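> Turn this into a model:
(4 chains, ligands or ions: 6)
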Amino acid sequence: MTTTEKLTRKDFMSDQEVRWCPGCGDYSILAAVQLLLPEINAEKNNTVFISGIGCAARFPYYMNTYGVHSIHGRAPAVASGLAITRPDLDVWVIGGDGDMLSIGGNHLIHALRRNINLVVVMFNNQIYGLTKGQYSPTSELGKVTKSSPFGSADQPFNPISLAIGAEATFVARTHDMDRAHMQYVLKRAYEHQGASFVEIYQNCNVFNDGAFEAITGKENRQDKLLTLKEGEPILFGKDDAYGVALNDLGGLRIVDTAKEGTGQVLIHEEKRSDPSLAFALSRLGIADTEPRPIGIFRDIEREDYGTSLSVQQENVLQKQGKGSLSKLFRSQSTWVVGE
Amino acid sequence: MTTTEKLTRKDFMSDQEVRWCPGCGDYSILAAVQLLLPEINAEKNNTVFISGIGCAARFPYYMNTYGVHSIHGRAPAVASGLAITRPDLDVWVIGGDGDMLSIGGNHLIHALRRNINLVVVMFNNQIYGLTKGQYSPTSELGKVTKSSPFGSADQPFNPISLAIGAEATFVARTHDMDRAHMQYVLKRAYEHQGASFVEIYQNCNVFNDGAFEAITGKENRQDKLLTLKEGEPILFGKDDAYGVALNDLGGLRIVDTAKEGTGQVLIHEEKRSDPSLAFALSRLGIADTEPRPIGIFRDIEREDYGTSLSVQQENVLQKQGKGSLSKLFRSQSTWVVGE
Amino acid sequence: MTVETGKEKINLDSLVIRFAGDSGDGMQVAGDRFTAGSAIFGNDLATFPNYPAEIRAPAGTIAGVSSFQVQIADHDIYTPGDFPTVLVAMNPAALKANIADLPSGGVIICNIDAFDQRSLEKAGYSQNPLEDKSLDKYKLYAVPITSLTLEACKSIGAKPRDAERSKNFFALGLVSWLYDRPYQPTLDFIRARYAKNAQVVEANTLAFNAGRYFGETAEIFESSYTVPASSLPPGEYTNITGNTALSWGLVAAANKALLPMFLGSYPITPASDILHELSKHKAFNVTTFQAEDEIAAVCSALGASFGGAIGVTTTSGPGIDLKSETVGLAVSLELPLVIVDIQRGGPSTGLPTKAEQSDLLHVMFGRHGEAPVPVVAASTPAHCFEAAIEAVRIALAYRTPVYLLSDGYLANGAEPFRIPDENELPAIEVEFATKPNKVLPDGREVFWPYLRDEKTLARPLAVPGTKGLEHRIGGIEKADGSGNISYDPLNHEFMVKTRQAKVDGISESLPDLEVDDPTGADILVLGWGSTYGTIVAAVDNLRQSGYSIARAHLMHLNPFPKNLAEVLSVYDKVLIPEMNSGQLAFLIRSKFLKNVTQLNKMQGIPFKTSEIEAALISMLLTQN
Amino acid sequence: MTVETGKEKINLDSLVIRFAGDSGDGMQVAGDRFTAGSAIFGNDLATFPNYPAEIRAPAGTIAGVSSFQVQIADHDIYTPGDFPTVLVAMNPAALKANIADLPSGGVIICNIDAFDQRSLEKAGYSQNPLEDKSLDKYKLYAVPITSLTLEACKSIGAKPRDAERSKNFFALGLVSWLYDRPYQPTLDFIRARYAKNAQVVEANTLAFNAGRYFGETAEIFESSYTVPASSLPPGEYTNITGNTALSWGLVAAANKALLPMFLGSYPITPASDILHELSKHKAFNVTTFQAEDEIAAVCSALGASFGGAIGVTTTSGPGIDLKSETVGLAVSLELPLVIVDIQRGGPSTGLPTKAEQSDLLHVMFGRHGEAPVPVVAASTPAHCFEAAIEAVRIALAYRTPVYLLSDGYLANGAEPFRIPDENELPAIEVEFATKPNKVLPDGREVFWPYLRDEKTLARPLAVPGTKGLEHRIGGIEKADGSGNISYDPLNHEFMVKTRQAKVDGISESLPDLEVDDPTGADILVLGWGSTYGTIVAAVDNLRQSGYSIARAHLMHLNPFPKNLAEVLSVYDKVLIPEMNSGQLAFLIRSKFLKNVTQLNKMQGIPFKTSEIEAALISMLLTQN
Ligand SMILES: Cc1ncc(C[n+]2csc(CCOP(=O)(O)OP(=O)(O)O)c2C)c(N)n1
Ligand SMILES: Cc1ncc(C[n+]2csc(CCOP(=O)(O)OP(=O)(O)O)c2C)c(N)n1
Ligand code: SF4
Ligand code: SF4
Ligand SMILES: [Mg+2]
Ligand SMILES: [Mg+2]
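Ligands and ions are numbered 1, 2, ... in the order given. Take a look at the predicted model:
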């Protein structure tokens, strides 16, 4: 999808005032997307943003493309119908952690397993923003919120693990403090044929300020963020002081490269058909002692849903020709009543 | 939960005639459960079966216990409310692959992550039985059914992978052709505190006959079924000819024990807190060349939801004492209007 | 229930069933027991046993076929019936020997296990009639009777050869379930008759019950019957069920609108067959999507509509509840969408294989907020075709979700459908926006998605892909015209009223309600949906007896045809028969402040002609 | 309501003050504290918070304006007032958004510091309204609130950005002085609320006092006013919002029934506060469960009810749609369940922070099949307490789901609540089955879950854990008595009718509808829900002008009180004011064939007294 005249960010900005709280991480995601689209030669008229309900879900209003602000949790389902019937469009799905994992969890995992040609971007702020601060399915255990005054008793989902468990073909994570990385990941998601799932750590400075500070904060990144890079050894820390290797039990362990060298360190391969290692990587960073990986966990090829259906239709058309009503009405036995 | 007089299968049989098709795999699951309950000293009055809709979901009618045949897909949600408020009960959730993974997928994964004290048993026949034979979320790609005359385009879920990706604390698989194994797995599920998820391969001899024959058929079991056993090396085949070992990439490989010995063969440990190996095991058997594991993939301890809430309530009661309406009504500032 | 066919009437207040099989198949016993059960049940009846002259003709041949026909009825009858309405055929020979007697639309239940190559040959079939479409005009249930009987008897360790003998009881159990015969007399009979052989008692009982349960599990419907071709208007006909007619109507409408069709659906009885039928028609640019649930089904359809397809979703019972929220979104987005509701017995799971008309008020009001949605209802199986086209027309012309109501009785019932000439079908014109429609004060030309057509109040649709018309829509209240989010109180009131006015205005496009009133009656029977056939028959009967009665049937429930107020004002008394507790009556009373007489049946089964006749006669008698 | 703008008479037996500012300006706190002070002072009062749907719209824009209106009076009042008599405007946008509501002669207190060029532009002013005489018809006090606040806080070394946050307390101090409100409660509040941050306590206290002193010293105000205490019935009072009252009502009801309460809920505006409130009350054996969606919320509540708790679920707008299917299941299972619907503007996402009464027909009819559900509606914030108790009573006594309707206006509005004596509250008796209730022909004693109480038609509840009463229930139609699956047509009809009869029979337990008709009027105003206050005020006003008008308010919408037919028959004309398109009117017309006059407002905001007065006067005039 290329266009002759080069567009700019401005072309992708709608005339609606952006109404997020000042300081909200959503702004930087919006900027990243608005900057990315011209760069990848997306066309305004062929781009559609579909969202559910939530702060994040206000996103489509701010994009000067086609858009639907639908209902809570259902964006992946609405988008599925659109993407299946209109393979010529770029369909983006935007939503929060509540929208996508709480009420919309089922539609998400089904869209992923079906590999519908969508870029699904989940803004994870680990809170319900729009409804003013209840815990979400990604909030940490024990979190005190308006609806959990004594601490939440819910084990959170790990969105990456869940997506991989749901047979997703493209799974990635990035965060709102690093525009370049966001753009890289979103670009890759866009390029992936099929369903791409991108989790973006997003700061809600009103109801859950600093939720990711310990990981994404400028001072913490070096030790706490691990950037996965295709074909490269999985290293992190100052001067790549640490690496990630297999342990004996199918899990991962951290190696001190100074002591152990880099021989054991895993090379990251996004295209492995076996998702086991991608899954293992998604478990990193749950313990405080480990780094949290960002980047592309998995990016495999599998025929996307729309293509499968198109192929079927092609075959049918080839065999049967274009449908004729006249033939259809006579596809069962008929009889004639005379004058 | 023990009772003085020993009950028998008959005590758990209701007076309703069983109405599944003759030959349906559901019969043997019913028998397994009815035989198991007296064995584990379950009490009729403290046992509740909750189901959705489908052939499998008729199950509660046949159990002489408490039961609710609810609505399609919602059994885990109904059961959650019951289990949370009534920790004294044994709450079982029964449903088909459509019930639990299609319409009910979200409730299932949320019940699992929350670790609600339920035994969730999914009868997987890879088809919609009750509605007469449409493909389900576990049907294989390309399956021709009434609703997919040109073959289904849907990548199936792997229920074990999905459950592990959803933070489940107990995940197991068994099949309707092996009563002893079913009973073992169900017993373990029952003993687990928290949410237990059990997938049972079940033959629907009317709409999907022989779906598991290649794995569970008497002649095929030895090579195609791999029975996971706690603390034992993961071996299968005649005379344990093969074993399962790690490959270099976090996935698994099959070793020929005659050639390579058993040194590399993994020892199965259900209690590993890291779910990565359990996940890797769940991917076995997708390729025809590999065996399909049955047994308990994962059984870890994590405080169950009901217990967390009880503890919170205890703390509150200790601090505040039993609630007094009189105090509640005066918890904001008040004023008195005189006569 | 009587389906009218000119002079010929097949009165379905009665049933004629013929059991046919090999002489050794126990057909006489089956027929006899069916009859006995019916007698105990209190039917009038007449039977016609028919068996081979030879003591035992070669098994599997035409000569060896034995049959038993019985007519049962709820009124006096005098014959075992001219032809069967239901044929049970235990093998190919039985089918071949009896099929000629079965009118088109009749029901065949046959034992598919017996249709192997050898048996087919013995019966003289060169091809398998179950597979070669030669039975298309019938309603065929191919059931593996033998193997299911064997399975059922496995538990008692009966030898297959012995167990197989019980298959007549399987068939009897199935038919007993299908036609709601009492079971106990047969179970008692089995116990008494075979008392000396416990295993036979067991086997027959197991087989009989397995047959019943199969009927239940397989969710086979009671069907309606149809008619010899002779007295129909000239034309080419095919025998069609409501669900097929509805599917074809959708295909035809999309075809005439030159639009792709997208069906988002989740299986549910009795709507699933529409999904099955439509999934075959990829050649018509029809895409079917078996969604994860009903919510995703309707959402995906709405997404497809946004993309320029005609989005359709089909369901029943509980499925319709789940779609409410999304239909409300469609009301707000003002996108075309057809929601097909094949009504079944409720509440909750209710009676999933039975018919009811009990969703009318739900589809009218079952959304939060003020969210009006047009409602169209089909009245006969073949009429489902027309009703589907009308629903699509309204959805596209007014950019609105439309409920299309059918029910389990129409869905599975069949009748002759006069095949229309493709060009006879009206074109459906859909205009999409291609350029800006508004000039802003600053001179910029923009696209305003809520700048309406003055006449229809329909908003313009700009399909993604259209250059320069990029816009965003959503479920928050929108400013009139621009469609931007607006919390302005007066704008909200205006939009609420405008959405209502748009739906009300559909009546401008509707023909007047036709009243069939040859004699200037004082009483009107007003119906909607599947009661049509019964009402027509009842009114005809009474007219033949000299009574004067008017009759009208509503296809549009929201909005009503413009002349309905006038029609109602003409008649002193109005009878509204409904298979619910009076939902249309409720609407009519409120809207027209007209007192109407209700006739309600909530049994999951259609009215009998006699019930409607009785209600009318009692109104006639109390008249003045 | 006592402001008569025509004659320029501001009567201080009541005062309506509206605090308006940017969402970040703390207007809700200011309003709330002003209210609390007045409550303690002994005024009757009613409040109306109004804030943007966005969490935080861009600062300084119209979209970002948040306001809080309170009426205080020395007599019974029923509404927060149609128009403010005093408007506090913290910035130009707040002025612009609210000025239209201020009658001429009204008081404006505005923060002149905020009227700089940029802010004026953001608000869309081309000139400064404080300077262009456009406000001449008001009494304008332009106060440099920001700079005075900064000044006041200088002493404690607060950073300007922090200090500025206290400006709402400056405004509050000023207004408290002006209207003679007690200071101490606010000072106490500041100390308690901000206890963790000494600097904030200091700053707010300084700002508040500075505001008071400014009023006193600056002498810009000619005089101060006061509103004497009202004559509420004797008792102890607390100021309560509808959502809090509703929560407490639920807690009280469960407590009186000696049952655990389980709330399954999913957050949604404006219902979330009930979840928040109830989640604090574990000491009352209240369990709250934030479910994954509204379906799981209601399902879990139903599961808890099966286990012997009282299951409750709370929601609004789209959430109510999603619960339909499960409510239908509850109808079939006949289990107690309370579904709280805090109505908001629809359709779809609609106007999420605004109030509407537009779900009435939805809760009546929004389920497939025939599935009757009782409906109870609260009419004032404090009345939510009583309505909640009544909903629980019906649910438990009749083993049925019950809809409890409130709306966004009641939910967030506040009024004095006379604290009941714990023992004054009626006990709710719930009997669970403990032993078999049926002897079978063979002598076995069994438990039949659908063997009903003859009087109430309620079925017996046997809670899991009870020995010997094991049983299974489900959503498929059940045989009368035994509760076993039954496809029998006549049983189905019987069950449909019985479920309806059970709901209808609730009217036996209801008090007659009280009609307030001191003078034997010809016109009745019939209302329901949150229009109560406005209707009472309007009728009072007209009576004071000598008109004769009757008034009644429905708390029970299904079933209606038994005497409603009789009440309606007494009056020639009936006016039904509703914040919807006429949903109660629709029910009344259909049920009683009574023509009624509708007064409908669908603006997301309550009626004004004057609107109801106008409608009544026009009816009176056409009365011949
Ligand atoms: C059916 C329905 N249920 C509930 C809501 C209320 N609601 C709106 S957004 C939201 C969750 C917001 O959280 P999230 O999705 O994480 O988005 P965020 O605001 O944090 O970006 C909820 C519960 C709704 N609009 N619709
Ligand atoms: C809301 C709703 N949607 C659809 C149905 C129809 N339905 C009943 S069971 C079923 C699926 C059955 O498949 P599964 O859950 O795998 O159970 P099985 O019959 O195979 O045991 C469906 C679609 C329903 N009853 N309710
Ligand atoms: S509430 Fe949180 S997520 Fe929402 S706009 Fe404000 S800062 Fe952003
Ligand atoms: S349809 Fe299949 S799953 Fe259902 S009862 Fe029959 S064999 Fe069993
Ligand atoms: Mg969030
Ligand atoms: Mg299944």
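> Show the average pLDDT along stretch C:121-137.
In this model, stretch C:121-137 has a mean pLDDT of 89.
> can you tell me if that stretch touches chain B.
No - counting by C-beta under 8 Å from any C-beta of the partner chain, chain B is not contacted by stretch C:121-137; separation bottoms out at 15.5 Å. Bear in mind the C-beta positions are built from the backbone N, C-alpha and C, glycine included.
> Would you mind measuring the gap between the ends of that stretch?
Stretch C:121-137 has an end-to-end distance of 23 Å (C-alpha to C-alpha, to the nearest Å).
> Quick check: residues of chain A near ligand 1?
Proximity of chain A to ligand 1, by C-beta under 6 Å from any ligand atom, involves residues A:53-56, A:72, A:95-99, A:123, A:125, A:127-131, A:136.
> per the record, what domains does chain C have?
Following automatic domain parsing, one finds the domains of chain C at C:8-226, C:238-424, C:431-509, C:515-623.
> mind listing the helices for the stretch 201-339 of chain A?
A:213-216, A:221-224, A:257-260, A:276-282, A:305-320, A:325-329 (DSSP state H, counting those that start in this stretch).
> And the first one, what does it pack against?
When contacts are defined as 3 or more C-beta pairs under 8 Å, 6 or more residues apart in numbering or on different chains; DSSP states H and E, helix A:213-216 sits against helix A:221-224.
> in the helix it packs on, what counts as buried?
Going by neighbour count (16 or more other C-beta atoms under 10 Å in any protein chain shown), the buried part of helix A:221-224 is A:221, A:224.
> gap between that helix and the chain center?
23 Å (C-alpha atoms, centre = their mean, to the nearest Å).
> Next one: the residue of the stretch 51-200 of chain A found nearest ligand 5 from ligand 6, what distance?
Nearest residue of the stretch 51-200 of chain A to ligand 5: A:G96, at 3.5 Å (C-beta to the ion). Using C-beta to the ion, to the nearest Å, A:G96 is found at 33 Å from ligand 6.
> report the longest helix in chain C, please.
helix C:198-217 (DSSP state H).
> For my notes, please list the domains of chain C in JSON lines and give distance to D:N197 and mean neighbour count for each entry.
Listed next are the domains of chain C as JSON lines, based on distance: least, C-beta to C-beta, whole Å; neighbours: other C-beta atoms under 10 Å in any protein chain shown:
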{"stretch": "domain C:8-226", "distance to D:N197": "66", "mean neighbour count": "20"}
{"stretch": "domain C:238-424", "distance to D:N197": "42", "mean neighbour count": "27"}
{"stretch": "domain C:431-509", "distance to D:N197": "34", "mean neighbour count": "18"}
{"stretch": "domain C:515-623", "distance to D:N197": "59", "mean neighbour count": "20"}
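> Helix or strand for the residue lying closest to C:G303 once chain neighbours are set aside, just tell me which one.
Leaving aside its chain neighbours, C:G303 sits nearest to A:G81 (3.2 Å; criterion: C-beta to C-beta, 6 or more residues apart in numbering or on different chains). Assigned by DSSP states H and E, A:G81 belongs to helix A:75-85.
> is chain C contacted by the helix or strand following that helix?
Once helix A:75-85 ends, the next helix or strand along the chain (criterion: DSSP H and E) is strand A:90-96. No - interface with chain C: strand A:90-96 contributes nothing (C-beta under 8 Å from any C-beta), its closest point being 8.7 Å away.
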